Every structure is written in C-alpha cells, then in structure tokens.
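In: From the sequence below, what's the structure:
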Amino acid sequence: MAHSYYRRCSSGLGVRGGTQETEEPRDYIPLRIVRAESGLSSAERAFLASVQSGDAGSVREALGEARHHRLDLRCADPLGRGALVLAIDLNHLEVLEELLQHGLPAMEALLHAVRQEALAARAKKLLIADLRDDRWYGRGWNATPIILAAHTNNYELIKLLVERGASVPRPHAVRCGCAQCVRGSEQDGLMLSRSRLSVYRALASPCLIALASEDPFLTAFTLSCELWDLSCVENEFKSEYEELSQQCKRFAKELLDQTQSSQELEIILNYSDDSTAAQEPPEALHLSRLKLAIKYHQKEVGDLKPLVQSGGKQIPRTWQEELSGCQEECTAVIVAIGLVLVVVAFRLRSFTVAHRGGGDQAARVVGLWILEVWVRVPPWLKYGVTARGGEVPDKALVPKVNRIFFSTPCSTGLIWAEIKQMWDGGISEYLHDWWNLMDFVMNSLYIATISLKLVAYFKVSELKCEYDQIPIYAPREQWEMWHPTLVAEAVFAIANIFSSLRLISLFTANSHLGPLQISLGRMLLDILKFLFIYCLVLLAFANGLNQLYFYYETDARQEPTFPCRLFETLQSLFWAIFGLISLHVTNVRARHEFTEFVGATMFGTYNIISLVVLLNMLIAMMNNSYQLIQDHADIEWKFARTKLWMSYFEEGATLPPPFNIIPSPKSAWYLLCYLRDNLLCRRREDHKKRHTFGTLGKKVLWYFVFFLFKSCCSLSHQQEVIRNLVKRYVSAMVRGERSKNIMSKASVLILNFFFFFLKIFHQIIDFLKPRIYAAQWPC
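Out: Numbering: from 1, shown residues only. Sure, this is the predicted structure:
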C-alpha cells in the first residue's frame, strides 16, 4: 500500500564550486486534492459575492434570472457555506428574506442559526415559519431546532420555538423492545445511543425546564435521578450523563436561591400535587419538597444547600413552637437516661388520652423530636438485657421459658415497626437505606435466637417426658458442638454487635461526629470493593500453597507448617497479614530445599501483594472517600441530619417498641370505622336511596366546587411563587452572561491596546536603533 502513496524521485546532478558532483536521491510524498469539489461558475461566484456583501438588489436580480443563467441556488463557497448560511453569519436580514421568499430550503439554515445564536429576532421568525413541517421528524432525534437550541441554553430562542409548537421526542429506555429501537439498534447502535444522549442533553437544559415545566423542582429531581441511573447503564457515556445529572441539581439549587422571604420558602417546601396536602391547613408544614429531595438524594456539590439548611431551621421551630422552656427540659432528659422509661410511660398515657397527638399540651410536649429520638433508643439495648438468661450459664441444658417469653415482645415490636415502615415507604425505598438492612439482619438474628432457645426447651422437655431420670443440668464441656443453646448464644452475640452499632445512626445529629459517621459509611463501600480483589488473591495463593504442602501433613502443635486443608490454609494466610504466622511455616520435615524455596517464594509474594499493594490501595481509597466527604462536609452532614430528622417527623408508628404492639385507641377507632363501612353497608345504601337525585347532585356539586376553589387558590399561589422564581433565575442568568460578555470584550480591548502600544514601541525602537549606533560609532 505504501507504494501507491510514495514515489522515489532522483534530483539529478548539481554544480557546486565549479565541480560536478552527484547528490543522493530523496523521497518525496506526492500531494494532490483527492476529494476535489466542482468549481463555481462566474454567475454563482457573483451571486455568492452579492450575498456576502449584503447587496439585496443584486441578489434579487440574480434570483429572478436564475433559470435563464442556470444558476444553482444551493451552490456553496470553498468553505461549504451556502447563500443562506452566509446571510445568517453576516446578519444580512434583507438578503435572508429575499432568499427565503424564493423557496430556498430553510432547514439547514435554521440549524446553523440555532448553533450560531447570533441572529436577530426578525430573522429567527422568518426561519421558524415552516417549523411544523413534517420533514424535521425524518432527520433524526439530534437534528431538530428545539434540541439544538436547548443544547445552547438560549432562553429567547427556546421560548420562540416553544411558542411556535416545537416538541422534543420522548426518549426510550436503554433496553426498550419497541420496533423503532430494535431497528435502530440493529442498524447503528452507536447512533441510537448518541441520539438518546442528545435528547437528554436537551431535556436537562435549565431554560427548557424553567419554560416548559409546571413544577421545575420535580422535573429537575426526577430527571437528575433518571440521568444518574442511565450513567450506570450507558457506560460509554457515563461521564456525560453524570454531568447532566449534576446540571439538573445545580439548576434546582440556583432556582431555590432566588427565594427572598420565609413565606416563599415555606410555600416551596410545602408544594405538593397531592390532594391530601391541599386539604391540610395553610400553616401545616408537611415538607413535601424536602421529603422529595431526600428521596431523590439531591445532595451532591451543595446543590440543595438552602433547602437542607432551611429545612433544618424550619423543622425544630415547627415542633418546638409555643414551648419556650423546652430546650432545658430536653437537655435534662438527654442527660438523665434513666428517666427514659418514665418518658415512655408518660407518652403512652398522653397518647391514650389524645390519640391524635395534638389534642392537648402534654401530647405536644412528648411529640418533640428529641424525646422521639431518645424514646426509640432503648429497644435496641433493652432486648439485650431482657434476652440474657438468668439461669446458671454453664450447666443448664434448657433455658427458662419465662425469660424467652419476656424477651419476645421486644423482638415482636421491632419487627412490627420494620413491617410498618416497609408498608408506608415501599420495599424499594426500604432497601435503599442501609440502616434498614442492618435492622433486618439484627431482627433475623433475634428471631433465630428465640427459635433456637425454644427448640432447646421443647427438645429437653420431650426427652424428660420419655426418660424421667434425665438430668436437666450438665457441665458445659459435655454438651455437643451443635447444641441449640450454644448456637443461640453465638447468634445472640452477633446480634448484640449489630444492636450496639445501630446507635451510630444517632451520631448524625452531632456536628462533630456526623461527618465522621458519613465517612465511615463511604469507607465500608471501599472495604467491600477491596475484599473482592483480596479474596481472589487469597484463594489463589491458598490453593497453590495447599497443593504444594498437601503431601507433607504434620501436626501443627509439633512442627509449624502450612496445613493440608484448604480452609485452614486460608485462615493461615489471612492471619499472616497481621504478622501472626511464623516464617518457618514454609519448612518441611524432609530435606526438600526446592519445595521450601518455592513455598517461601509464594508466601513472600503473597505478603508483598497483600501488604504492600492491596493494603496501600485500600488506604488510598479510604483516604479518597474521607477527603471527598470533607470537601463537602457541611452539605453532606446537613443532608444526613435532615434525613434523620425526617425519619422521626413523618407519620408512622406512634409508639416505640415494644409498646407499638399494644392496640391503641387510634387503631380501635380505625377498626370500628372499617366495620361500620363494610358490615353496615346495606343500611348506608338504604339511607342513600332515600335521597333524590336532586339532593345528591347538589351535595356533589357543592363538594366539588368547594374542593376545586380551595385547590385552585392554593395551586395558583404556588404557581405564582414558582413563576417569580423562574423570572429571577432567568434575569440572573442573563445578567451573568452579559457580565461575562462585557468582561471578555474588555479583556480583548485591553489586549488590543497592549499589542498596539507594543507595536508602536517596537517601531520607535527600530527608528532609534540606527541613530544610536551611528552616534556611538561615527564613521
């Protein structure tokens, strides 16, 4: 192939110094225009020159005589620019209007105008006149004017296109099985992925969201979450989707920054499309937007810092209003942990009196968030106290049944609380919280503990019935290895670890321990990633060493060497990380130096990989996670703290475990209402039949008008606030762009002045230099 591109040329003879000598031949690369374009005729060159100069009369004359002179109106200059593109670039509006009147295709010109963003409003209206043409929809998803305008985030152009009826195609899922996606994937999968990315880049435009969305916050939240999920699926465009997700979060943060009063902030926090929220009193602070932000994890890069901070300020004020001396009382309760049971009893009594939680002052006091936190702490530790056996631990073959039944309510209350939380929030939201997974493991271990103790009790009771003389007490050394009591004690010990570690979740409320607790959670993910690689390395070297020392089985107590079993070899290599294995484990009884050398080499290589490489990699990963949290410690901690607060504020279990298993007056009232609605339905139907259609119509109309009026007033007020926020956001964005343009123009002007004076300075130097030399060295 090289011979078709290169040609060897000899340069002939050269004459130097009056003598003839032969030069060495050189290699030359022949150059020619491979893809030469057809040249322009004189009429076409004159036509393009008239367009470029802005001579509307000459252009009109050329268009009128185009058929006579066989003038191609779609001709282009050497740079590939047609007449419409030239008129757009040079902003010749009269020429552009003449070209459009003579039927030149405006599709490519409109796309070029959208990319340039430098066209006057009149020219834009001229180009967008045929926007509804169906030809746009056959040119691909990434070739429509509204998508290109959204890419440039031009507010005026997007507004003009939306007013003319432009629409964005709905993007399909990555694994969509429709005929269009299947055909596109078979023809060109890369083009389909790029088209999807182009559509999402347009949908993530802040100006498009601000203009076309009734609820910009909800749109930004959902789109950000959807883009983040796409970044995990579309690995080829992972960084692009992550950047678009961050762009949506920044838009939500910047839009929320435009709030100017606490009233506007409360309206945004309470904004909800739910009909139940509209029925609540205006002063009720149900924080729908704050809950939505927590649900969609809107926390990165300080995007929702005002929302989280405002939520942190509004929440305590709402729960502690009209209680001036509450903070001192709460501090006393926190210090005197022994009084928690009294608080629980008082809360139970107040709830019995006022089951709705807001009937009297006492119910409001016990509804404070700090009491709610400390009331829910004891069940984790209380179960560990009640489940501990009071019998002699080393002789009883069967636990006492009263201890088992006494510890059962605590476990039942914890499980019932988790079931209600899963029912209220959904299984998906429940599994996304790692603390819920820890609760699930802890409750499972507690259930296993109770089950094993019951098995031991019934097993020994059954044997005692068969054999009257069987002893119930025996030394622990005589018990079998898999005795249910021994297994229950081991499971219970593991459960106590999770029960104690569960208290770490409360550290989030502290400004000093909160960031450390968040960093610990990130580090656990790094440790899990590290364990995948380390387990593979551990298994590989354990398999090799076990295969090498399998034939040298010895007693480890007499002669330390690698054991012959794979599991024991894995244990030895694991403890070798902490320096608990001697260097003589590679020795064998026989004089097999080569085997010892290979074993020592393998053991040393394992130590190098595990200690030097993998552990340092783990330290670097943990340091990176800690630094990532520290860089955004303020927003990370405030987001986690607000999430913790909201878990106690939102409606759920009224009483903490184990009191939640006691039927409350509220539950009894709901049961009576259910029985009334279902068992007495016939009487209600008969009662309804007595009404005429006129009375029923009046009631329905009255309820409909009242609810519609109330909802419209609330929604109109909320939409007015959002409209004001959008106006302020657009104004701030326009001012920022103008300031950037002014700064760029000023910098260009300063540079031009600098180079101008530098040029004058060089001219002065060039002018004075010969005169200075002439003065120093006269002839």
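
In: Low-confidence bits of the stretch 451-600 of the chain, can you list those?
Out: Residue ranges of the stretch 451-600 of the chain with pLDDT under 70: 464-473, 553-564.

In: Helices of that one, start to end?
Out: 484-501, 513-548, 566-576, 593-607 (DSSP state H, counting those that start in this stretch).

In: And the stretch 601-750 of the chain, by the same measure?
Out: 615-631, 633-649, 665-679, 681-689, 693-776.

In: Worst mean pLDDT among those?
Out: The weakest mean pLDDT among the helices of the stretch 601-750 of the chain belongs to helix 681-689, with a mean of 50.

In: can you list the domains in this structure?
Out: Following automatic domain parsing, the chain resolves into domains at 37-130, 377-498, 514-649, 705-779.

In: export those to a markdown table and tack on distance to Ser261 and mean neighbour count?
Out: No exception for glycine: its C-beta is placed from N, CA and C like everyone else's. What follows is the domains of the chain, written out as a markdown table (distance: least, CB to CB, whole Å; neighbours: other CB atoms under 10 Å):
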| stretch | distance to Ser261 | mean neighbour count |
| --- | --- | --- |
| domain 37-130 | 35 | 17 |
| domain 377-498 | 33 | 16 |
| domain 514-649 | 21 | 16 |
| domain 705-779 | 10 | 11 |
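
In: mind checking which of those is nearest Asn153?
Out: domain 705-779 (8.4 Å; CB to CB).

In: Tell me which of the helices of the stretch 451-600 of the chain lies nearest to Leu31.
Out: helix 513-548 (53.1 Å).

In: who does that closest one touch, helix- and strand-wise?
Out: Applying 3 or more CB pairs under 8 Å, 6 or more residues apart in numbering; DSSP states H and E, we find helix 513-548 packed against helix 566-576, helix 593-607, helix 615-631, helix 633-649.

In: wait, which of those helices is closest to Cys75?
Out: Relative to Cys75, the nearest member of these by CB to CB is helix 615-631, separated by 56.7 Å.

In: Just put the domains of the chain in a markdown table and tack on distance to Leu223.
Out: Listed next are those as a markdown table, based on distance: least, CB to CB, whole Å:
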| stretch | distance to Leu223 |
| --- | --- |
| domain 37-130 | 22 |
| domain 377-498 | 19 |
| domain 514-649 | 19 |
| domain 705-779 | 16 |
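
In: Which among those domains is found nearest to Tyr155?
Out: domain 705-779 (5.8 Å).

In: closest one to Cys176 among the helices and strands packed on helix 513-548?
Out: Using CB to CB, the nearest of the helices and strands packed on helix 513-548 to Cys176 is helix 633-649, at 33.6 Å.

In: returning to that earlier point: now the helices and strands packed on helix 513-548 in a markdown table, with distance to Ser664?
Out: As requested, those are arranged in a markdown table below (distance: least, CB to CB, whole Å):
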| stretch | distance to Ser664 |
| --- | --- |
| helix 566-576 | 51 |
| helix 593-607 | 60 |
| helix 615-631 | 41 |
| helix 633-649 | 18 |
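
In: related to what we said a few turns ago, figure out which of the helices of the stretch 451-600 of the chain is closest to Glu226.
Out: Closest among these, once you apply CB to CB, is helix 513-548, at 22.8 Å.

In: quick one: the closest one to helix 566-576, angle?
Out: Angle between the axes of helix 513-548 and helix 566-576 is 130 degrees (criterion: axes from the mean of the first three to the mean of the last three CA atoms, to 10 degrees).

In: So Gln478 versus Leu486, what's the distance?
Out: Distance, Gln478 to Leu486, by CB to CB, to the nearest Å: 12 Å.
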